[in-house]
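Undergrad: I'll drop the sequence and a predicted model, then ask my questions.
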Amino acid sequence: MSLLIAGGVVVDPAQGLEEPRDLLLEHGRVAALEPPGVIPREGRRVIDATGLFVCPGLIDMHVHLREPGEEYKETIASGTLAAARGGFTGVACMPNTRPVNDQATVTRFILEQAAKSGRARVYPVGAITLGSKGEALCEYGELKAAGCVALSDDGRPVMNSLVMRRALEYARTFDLPVISHAEDLELRADGVMHEGEVAHRLGLKGIPAAAEEVMVYRDIRLARLAGARLHLAHLSTAGSAAIVREAKMAGLAVTCETAPHYFTLTDEAVAGQGPEALVRPVFDTHAKVNPPLRSRFDREAILAGLADGTIDVIASDHAPHSVLEKDVEFNAAAFGLIGLETSLGLSLRLVHEGVISLSRLVALMSTNPARILGLPGGTLAVGAPGDVTIIDLYRPWTVDVNLFASKSRNCPFHGWLLKGKAVTTILGGEVVWQEE
Amino acid sequence: MRLKRKDLVGLADLAPEEITLILDTAASLKEISARPIKKVPTLRGKTVVTLFYEPSTRTRMSFEIAAKRLSADTVNLTVAASSAVKGETLADTAANLEAMAPDLLIIRHQASGAPHFLARRLACGVINAGDGTHEHPTQALLDMLTVREAKGTLSGLKVAIVGDILHSRVARSNVHGFLKMGSEVWLAGPATMLPAGLAALGARLTTSMREALSGADVVMMLRLQLERMGQHFFSTLREYSRTYGLNPETLAWAKEDAIVMHPGPLNRGVEIDPAVADGPRAVILEQVANGVAVRMAVLLLLSGGE
């Protein structure tokens, strides 16, 4: 079966392409990419992409699928359907499941579930240390052989600097990137939101920006020492962006990501949205996330980092939690919010506001994640996987958590009006999601 | 006369006129506590529930006495552990309480925002009796009543609040209250306990107790929570006491007629010297007495009584 996507503008930063092209998918792969009208339509299923943008399938390199262990929050089936609805054809899932993905049997289980029910390609991330306890290294060779594409103790940092050094060195042995959750737990203490004016006003314990920045700095230094590939997860502060910028200028193999909530919201979202929030705060647990939503100053710096190339990737850090973890007092609530179904819409705001180009956005959400994790895809070059996201840049829609495919509803953007979304998601040449 | 609101969760969202209404009502209710039979039938048939997740003696008793003097039926629920530890969520607790149809719920909770959480879910009025390190509105109202009695006004005063500002819900509520009523508020303490963010509310911040106290009309000392020893907020009690303790020498920095306040309980010899605590300028026991009057006023005004 061959599928022709005709009439759209193909945006593929890997080929430096942003112009009208017809795209032919055959046998699950890109078979041809030609100027409009060159590829015959006869005998082919045709998707009319007139007025739409055709991009390599988006890849979210930082999600939590909660299976095994917390299937009441999300399953691989529900999480990958949410991914497809959000325009993602690939997701890298973090290892903080129960049990932790610290051995090949867990990795294999994840991939088997994905093969059975996945609507997107699932790329497991293995743990850096056993149980993500920060003590003993996992069998990286085994993990890689089973299908892991990177290593991370996400959710927790490796606090012991010697262990982190060894992990970076040992990962180099198997050419696996190490994804750092940069957070100094001592400095974070029992903070629950960004340390700043809003926290002091609300009487909530703060997490200083420095709790992230000191670890960003440490891990970059250790990566240099180890000669390893380091990727910094979910950066949220101006200081982190500055440190990474400096490291890149020094030629270090450091990459980093941020998430849509860090360039969309600030710590004020904890108090709530609207003018009443300052005097009658709602203590919104949907805005409780780690690292926390930061100040306006940090938000501006993250935007600058996205624009100038300091930040390589936009990832959602999709972290589903049920009402059991969220419909409680703020201190008791779990950290995390979901993002697979809002990530593209929120990121497209940056294109509409002129912060970044659409081509840069595709690099941030497809090309770069594929390159960093060494994944197939991330391009529409002939021979590449037939993973395609078709974007309507101007389609208005309202975020409605009740329509989400995710099993969880912990989203602070409910009711937001967004412009632009994925209207068709194609995985291996097959349509897995299409807007009506 | 009544407050046009269901709940009292903080002073941040009270208008100056509402504060004045509560203080005036409290002042008029003080007389009841001076009668031989300290009871009026105003809230007869009303059910007031006190839900305390944190230990408290004086605030709970003060609310209870206030409710009883207005003839309300009171029910006390003292919850030993946090709702999360206990297994029942605060949302479930709210649903259960709602089913019992109380008229007013008074809550103290170790989590900032817990009263707001309940206020959004319950049809009955919710009164914040202290939430985490956020607000303690009735304490600030009784402080303001005490100052107004001593100074005749709340506007144009210099109010110095000294001690562990970071963890003090009393300080936060008083900052909102006194600023709304036209006073100047100075916050003083070691930099570890003096969050810069509070300057945005309009308070003046200093690590110098002398600067805060100079020319002050009101000196409000906060209780140093001794369990914070070992959490790196300060070195030793000795140094804390020497730097931020109120004694006759340091009190001399304030105006001659400055009053001395403390929300209690006192650490005598730590943040306050007995000579000051028991001295003629202390209004600490007046604060306690005014606490009952202010809470009567709040119960009355929120339940729509005359």
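TA: All right, it came through fine.
Undergrad: Go ahead and confirm A:Ala228 touches A:Asp175.
TA: No - in this structure, A:Ala228 is not within contact of A:Asp175 by Cβ atoms under 8 Å, at 9.7 Å. (Glycine included, C-beta is placed from N, CA and C.)
Undergrad: And the two? Which one has more around it.
TA: With neighbours defined as other Cβ atoms under 10 Å in any protein chain shown, A:Ala228 and A:Asp175 compare such that A:Ala228 has more, 24 against 11.
Undergrad: Could you pull up the residues touching the more buried one?
TA: A:Leu168, A:Glu169, A:Ala171, A:Arg172, A:Val178, A:Ala253 (Cβ atoms under 8 Å, 6 or more residues apart in numbering or on different chains).
Undergrad: contacting residues around the nearest residue to it once chain neighbours are set aside?
TA: Among residues not flanking A:Ala228 along the chain, A:Leu168 sits closest, at 3.8 Å (Cβ to Cβ, 6 or more residues apart in numbering or on different chains). Residues near A:Leu168 by Cβ under 8 Å, 6+ apart: A:Val178, A:Leu222, A:Ala223, A:Leu225, A:Ala226, A:Ala228, A:Leu230.
Undergrad: check which helix or strand covers the residue nearest the centre of chain B.
TA: Centroid-nearest residue in chain B: B:Gln139, 1.8 Å away (criterion: Cα atoms, centre = their mean). Under the criterion of DSSP states H and E, B:Gln139 resides in helix B:137-151.
Undergrad: likewise A:Leu4?
TA: Applying DSSP H and E, one finds A:Leu4 within strand A:2-6.
Undergrad: what pairs with that strand, and is each one parallel or antiparallel?
TA: The strands beside strand A:2-6 in its sheet (DSSP bridges) come out as strand A:22-26 (antiparallel), strand A:45-48 (parallel).
Undergrad: Mean neighbour count, these: which tops it?
TA: Mean neighbour count, computed with mean count of other Cβ atoms under 10 Å in any protein chain shown, is highest for strand A:22-26 among these, reaching a mean of 23.
Undergrad: ok, and the helix or strand in chain A with the lowest average confidence?
TA: helix A:323-326 (a mean of 92; mean pLDDT, DSSP states H and E).
Undergrad: follow-up on the earlier one: pull out the buried positions in the helix holding B:Gln139.
TA: B:137-148, B:150-151 (16 or more other Cβ atoms under 10 Å in any protein chain shown).
Undergrad: can I get the residues you listed in CSV with distance to B:His116?
TA: Formatted as CSV, these follow (distance: Cβ to Cβ, whole Å):
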residue, distance to B:His116
B:Pro137, 12
B:Thr138, 16
B:Gln139, 17
B:Ala140, 17
B:Leu141, 18
B:Leu142, 21
B:Asp143, 22
B:Met144, 22
B:Leu145, 24
B:Thr146, 27
B:Val147, 27
B:Arg148, 28
B:Ala150, 32
B:Lys151, 32
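Undergrad: Just the buried residues of stretch A:9-16, please?
TA: For stretch A:9-16, by 16+ other Cβ under 10 Å, it's A:Val9, A:Val10, A:Val11, A:Asp12, A:Pro13, A:Ala14, A:Gln15.
Undergrad: confidence score at the third one?
TA: Confidence at A:Val11, expressed as pLDDT, is 98.
Undergrad: Next: the last one.
TA: Predicted confidence (pLDDT) at A:Gln15: the value is 97.
Undergrad: ok, now which ones touch the residue nearest to the centre of chain B?
TA: Counting by Cβ under 8 Å, 6+ apart, B:Gln139 has contacts B:Thr59, B:Gly130, B:Arg169, B:Val170, B:Ser173, B:Asn174, B:Pro263, B:Gly291.
Undergrad: any idea which element the fifth one lies in?
TA: Meaning B:Ser173. Per DSSP H and E: helix B:169-180 holds B:Ser173.
Undergrad: between that helix and helix B:137-151, how many degrees?
TA: Inter-element angle recorded for helix B:169-180 and helix B:137-151: 50 degrees (by axes from the mean of the first three to the mean of the last three Cα atoms, to 10 degrees).
Undergrad: from the chain's centre, how far out does helix B:169-180 sit?
TA: Centroid displacement of helix B:169-180 relative to its chain, using Cα atoms, centre = their mean, to the nearest Å, is 9 Å.
Undergrad: Quick one: check that helix for contact with chain A.
TA: Yes - interface with chain A: helix B:169-180 contributes B:Arg169, B:Arg172 (Cβ under 8 Å from any Cβ of the partner chain).
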